[in-house]
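>>> predicted model and sequence below, questions to follow.
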Amino acid sequence: MDSVSLTSIATYSYGLAAVGFLLLGVPLLTSWRGRAHGPLLVAACMTSCFWAGSLAWAATDLLMWTDLSDGFEVARNAVWSLFLVVLLGDWRDPDSKLPLKLRPALFVAAVCYLLALAAATLGFWDLALLESVLPVMARVVQAVGGMLLVEQAYRNKTTQERWAIKFACLGIGGMFAYDFYLYSHAMLFREVDPDIWAARGVINALTVPLLALSMRRATSWRSPLAVSRRAMFHSAALFGSAIYLLAMGSAGYYLRYFGGSWGTVMQVTFLFGALLLLAGILFSGTFRAWLKVFISKHFYSYGYDYREEWMRFTRTLSAAGPHLGERTVQAVAALVESPGGALWQHREGGAFEPVAGWDVPLPDFNEPADSSLCRFLESTQWVIDLGEYADEPEKYEGLVLPEWLLSWPRGWLVVPLMMGTTLSGFVVLQTARSRVKLNWEVLDLLEIAGSQAASYLAQQDAANELMVARQFESFNRMSTFVVHDLKNLVSQLSLMNANAEKHKNNPEFQADMLETVSLSVQKMRLMLQKLSRIDVEEKPMSLAIDQVVRQAVAMKAAFEPRPQLDVRDTGLRVLADRERLERVVGHLIQNAIEATPKDGSVIIGLWREGEAVRIEITDTGEGMSEDFIRERLFKPFESTKSAGMGIGVFESREYINELGGRLEVSSRPSLGTTFKVILPLHRQDALLERAA
């Protein structure tokens with residue numbers, strides 16, 4: 001038989017195999033969702049189709065191989081071997097440190113296949129000349145490995161599983177067995193037999209019915225492998241890019257071959273333009289959206305990978321920073337590949353106001369809470385399809401859309417944000433980049449996503465309201481303390497005014513009065529400054545505690561009984577705010593004076609006690625009962641004095657606790673009271689004193 005007749009037979013032979021695998025693989029593209037190993041079966045069938053097609057094309061030029069067909073053959077063997085490994089189900093080792101926890105033998109095989117594929121792609125795998133026995137030997141090893149995998153996959157299955165996979169094992173084993181025969185014959189005789197090579201296409205075509213029969217029994221197959229949508233998306237994009245580049249490379253080769261003197265210029269220009277086109281397609285949001293929708297629609301039983309979608313949705317909403325409204329629109333829009341939208345939220349005025357827009361200008365249309373749109377969304381909790389409403393308004397009984405929504409540019413969906421049974425807002429989305437069929441799955445996902453987004457927005461509103469409430473609370477609390485201090489200053493000035501007529505000619509009284517008035521004015525100014533900037537953070541500093549106590553005692557010098565100061569240790573320092581600490585000590589002294597008759601005594605002692613400072617305010621006044629101390633003394637707005645506000649002792653204990661100290665009290669009715677203020681020494685000064 002002459003070479004022309006032989007290549008014609010080879011063309012038909014491999015063409016038949018290409019058509020067979022194409023007819024086997026294409027139906028799986030739309031029906032593999034209910035089949036085990038669907039993605040791998042499609043990949044194996046389509047790779048075999050391209051392999052056979054490339055050999056049929058090579059045979060038309062009286063060639064047995066090309067670099068393209070060599071690459072497809074390596075890929076075909078790799079995919080069918082991977083299919084058998086997954087079918088075997090024993091491809092992972094929990095203790096393995098290799099990628100995907102692969103067993104060492106499988107990892108080595110994968111690396112060898114990748115090296116062989118790279119060699120074939122770069123033209124270092126040329127079997128036509130048989131200049132080296134290495135490529136032929138590698139093909140023999142691949143065939144032997146494939147047959148071993150077939151034997152292991154079949155032997156390790158139960159009787160029921162063998163019934164399901166036996167025809168697939170027979171067909172795949174037949175392909176590898178014939179490859180072993182072809183390449184072992186070539187290795188033995190140092191040439192490829194043309195008749196054996198030409199018959200290989202028909203042999204592979206005969207395995208197609210066996211594979212088809214086994215696929216009908218695929219419901220009994222078992223596999224621990226699941227292909228995620230993300231992996232499928234990137235694999236499809238990579239595979240499509242590879243096919244595109246191969247086609248463009250072939251076209252560039254012919255341009256160079258037939259272009260004459262312009263051939264090289266035409267080839268380079270064409271290939272550069274092809275790469276630019278590929279880059280534009282891969283970076284196109286519309287193309288990526290179309291590919292995601294296509295994969296979800298045709299390759300999986302459900303349109304979403306709910307774990308991945310919900311993690312992405314939650315990460316978007318819970319991201320740190322402001323602009324939660326924009327992130328809400330972005331998260332909801334990403335579920336249906338929408339390029340933009342806007343958010344309306346319910347406000348105190350009774351209307352829904354636009355608060356955020358994502359990739360669209362923020363509109364200025366308010367929607368009344370009692371409008372037909374809001375009532376419909378709240379009562380039905382439906383997602384409104386604006387296109388469907390325009391075509392079939394009877395499906396939305398009683399709904400009348402506002403004019404601004406009907407004229408919304410590229411308006412598509414209205415998603416309600418429900419808090420229980422109450423409508424808290426809604427999102428209007430623009431038309432998706434790729435056509436999305438709004439079935440029950442998509443609508444249910446949008447509804448539950450709207451409820452989740454509503455909870456995040458409600459939490460933000462509650463946090464903002466709480467922050468405002470805390471600001472008012474801080475202001476009111478500070479105002480209460482200021483009023484309390486003003487009351488003490490008024491009492492002090494009133495006492496001086498009452499004694500002024502009696503002691504106005506006494507120089508000592510005049511000096512005390514001037515000092516008291518000056519200190520009172522200074523304290524009132526400080527209080528007003530504090531009240532006007534309640535959010536300014538205090539900056540504690542190291543203070544000489546004896547100076548603070550002396551200042552507090554000096555402020556009470558005009559009262560009777562006049563307080564007596566007993567400082568046993570000097571140079572002691574504490575870390576505190578001077579004005580607040582002086583106010584605390586002054587308040588305790590004021591309480592002691594007011595509780596003590598004029599012929600009694602108030603003594604303030606100051607000394608060191610270990611690593612702390614102890615301040616004792618002791619009076620001989622009327623005292624307090626244990627029940628009062630336990631149940632009422634430290635509660636705000638509880639006081640035994642007719643003009644008292646009941647917050648001085650409460651403020652004193654709170655601030656002393658802030659400084660790391662404590663306030664203790666001991667009292668006996670009719671015998672007097674002792675308040676003990678214990679504050680930690682400033683550490684640096686304590687260490688210096690210990691060193692000295």
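Received, thanks. Residues are numbered from 1 along each chain as shown.

>>> which stretches of the stretch 501-650 of the chain have low pLDDT?
501, 504, 526-538, 636-647 (pLDDT under 70).

>>> what about the helices in the stretch 451-600 of the chain?
With DSSP state H, counting those that start in this stretch as the criterion, the stretch 451-600 of the chain has helices at 507-532, 545-555, 578-594.

>>> what's the most buried one of the ones you listed?
With neighbours taken as mean count of other C-beta atoms under 10 Å, the helices of the stretch 451-600 of the chain reach their highest mean count in helix 578-594, at a mean of 22. Quick note: C-beta positions are derived from backbone N, CA and C, even for glycine.

>>> how about the helices of the stretch 451-600 of the chain in TSV, adding distance to residue 391?
Formatted as TSV, the helices of the stretch 451-600 of the chain follow (distance: least, C-beta to C-beta, whole Å):
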stretch	distance to residue 391
helix 507-532	63
helix 545-555	81
helix 578-594	71
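
>>> out of the ones you listed, which comes closest to residue 396?
Proximity to residue 396 (C-beta to C-beta) singles out helix 507-532 among these, at 56.0 Å.

>>> helix 545-555 and that closest one, what's the angle between them?
If you take axes from the mean of the first three to the mean of the last three C-alpha atoms, to 10 degrees, helix 507-532 sits at 110 degrees to helix 545-555.

>>> any idea of the angle helix 507-532 forms with helix 578-594?
130 degrees.

>>> pLDDT score for the closest residue to residue 186 other than its chain neighbours?
In space, and not counting its chain neighbours, residue 186 is closest to residue 192: 4.6 Å by C-beta to C-beta, 6 or more residues apart in numbering. Looking at residue 192, its pLDDT reads 79.

>>> please apply the same query to residue 88.
For residue 88, the predicted pLDDT is 73.

>>> looking at it, the residue nearest to residue 186 is touching residue 184, isn't it?
No. Contact criterion C-beta atoms under 8 Å: residue 192 and residue 184 do not qualify, at 11.3 Å.

>>> which residues in the chain form strands?
Ranges of strands in the chain, per DSSP state E, are 341-346, 351-358, 367-368, 384-385, 411-419, 422-430, 541-544, 564-567, 573-576, 602-609, 612-619, 662-668, 672-680.

>>> okay if I get these as a markdown table plus distance to residue 318?
Listed next are the strands of the chain as a markdown table, based on distance: least, C-beta to C-beta, whole Å:
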| stretch | distance to residue 318 |
| --- | --- |
| strand 341-346 | 17 |
| strand 351-358 | 16 |
| strand 367-368 | 28 |
| strand 384-385 | 27 |
| strand 411-419 | 16 |
| strand 422-430 | 18 |
| strand 541-544 | 40 |
| strand 564-567 | 57 |
| strand 573-576 | 38 |
| strand 602-609 | 50 |
| strand 612-619 | 45 |
| strand 662-668 | 41 |
| strand 672-680 | 40 |
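
>>> dump these into a markdown table; add mean neighbour count as well.
Putting these into a markdown table (neighbours: other C-beta atoms under 10 Å) gives the following:
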| stretch | mean neighbour count |
| --- | --- |
| strand 341-346 | 24 |
| strand 351-358 | 19 |
| strand 367-368 | 17 |
| strand 384-385 | 20 |
| strand 411-419 | 23 |
| strand 422-430 | 23 |
| strand 541-544 | 14 |
| strand 564-567 | 14 |
| strand 573-576 | 22 |
| strand 602-609 | 18 |
| strand 612-619 | 22 |
| strand 662-668 | 16 |
| strand 672-680 | 20 |
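
>>> and residue 167, which of these is closest to it?
Comparing the strands of the chain against residue 167 with C-beta to C-beta, the closest turns out to be strand 384-385 (46.8 Å).

>>> can you name every helix or strand that that closest one contacts?
strand 411-419 (3 or more C-beta pairs under 8 Å, 6 or more residues apart in numbering; DSSP states H and E).
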